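> build me a model from this:
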Amino acid sequence: MSDESSNTTQKQQGGVTGKGFVKGDARINRKGRPRDFDALRALAKQIAHEQATSAKGEPIVIGEHYATNIEMVLRTLMSDKKQAFKFVEYAFGKVPDELKQDGTVTLVVRREEKKP
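Model prediction:
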């Protein structure tokens, strides 16, 4: 067989439609997406530490201090029976999935959420 009788065609520059990327195309994002979101994280922390306000726009006072947004989120989390374990994990650390003592006793702790 000769090369001329081959039923394959040569690749078109820019893919099948001709509208794809070609070498040196300015649209190619060489750096890719950002690997971390430091600016977003900083903004979230700033908002979290702002003074919490009610629906009427009045500051929320708990005890003798003004509550922050993050404090209100944590209080809401704590009061929800389905989400209370998250509050405990944030406050005291994640409960280990598996505990081992001297390699002889294995205790597996499983957390199950009830589905509505």
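> what about D36, how many neighbours?
By other CB atoms under 10 Å, the residues close to D36 number 7. Where you see a C-beta, it was placed from the backbone N, CA and C, and this is true even at glycine.
> SS state for it?
Three-state assignment for D36 (DSSP: H, G, I helix; E, B strand; the rest coil): coil.
> same check, this time on the one 4 residues further on
Three states are possible here, and by three-state DSSP the one that applies to L40 is helix.
> list the contacts of it.
Applying CB atoms under 8 Å, 6 or more residues apart in numbering, one finds that L40 lies in contact with no residue.
> strands of this structure, start to end?
In the chain, strands defined by DSSP state E lie at 61-62, 65-66, 98-101, 105-108, listed in chain order.
> tell me where the model's unsure across this protein.
Scanning the chain with the threshold set as pLDDT under 70 gives 1-7, 12, 14-16, 18-21, 27, 29-31, 33-35, 99-107, 115-116.
> and V61, how far from L43?
26 Å (CB to CB, to the nearest Å).
> what does E71 give?
Counting by CB to CB, the separation of E71 from L43 is 18 Å.
> the more surrounded of the two?
Set side by side, E71 and L43 give different neighbour counts by other CB under 10 Å, the larger being at E71 (17 against 11).
> residues in contact with the more buried one?
Applying CB under 8 Å, 6+ apart, one finds that E71 lies in contact with 52, 62.
> roughly how far does it sit from Q46?
Separation of E71 from Q46 (CB to CB) stands at 15 Å.
> what number of residues lie near T9?
Neighbour number of T9 under other CB under 10 Å is 6.
> I misspoke; the intended subject was V73.
Here the neighbour count serves as a burial measure; for V73 (other CB under 10 Å) it reads 14.
> OK, contacts around it?
Residues counted as contacts of V73 (CB under 8 Å, 6+ apart) are A48.
> and it, how far is that from F87?
From V73 across to F87, the span is 10 Å (CB to CB).
> what of M78?
As judged by CB to CB, M78 and F87 stand 4 Å apart.
> kindly report the same for T53.
Going from T53 to F87 by CB to CB gives 22 Å.
> again, but for S54
Computed with CB to CB, the distance linking S54 and F87 is 22 Å.
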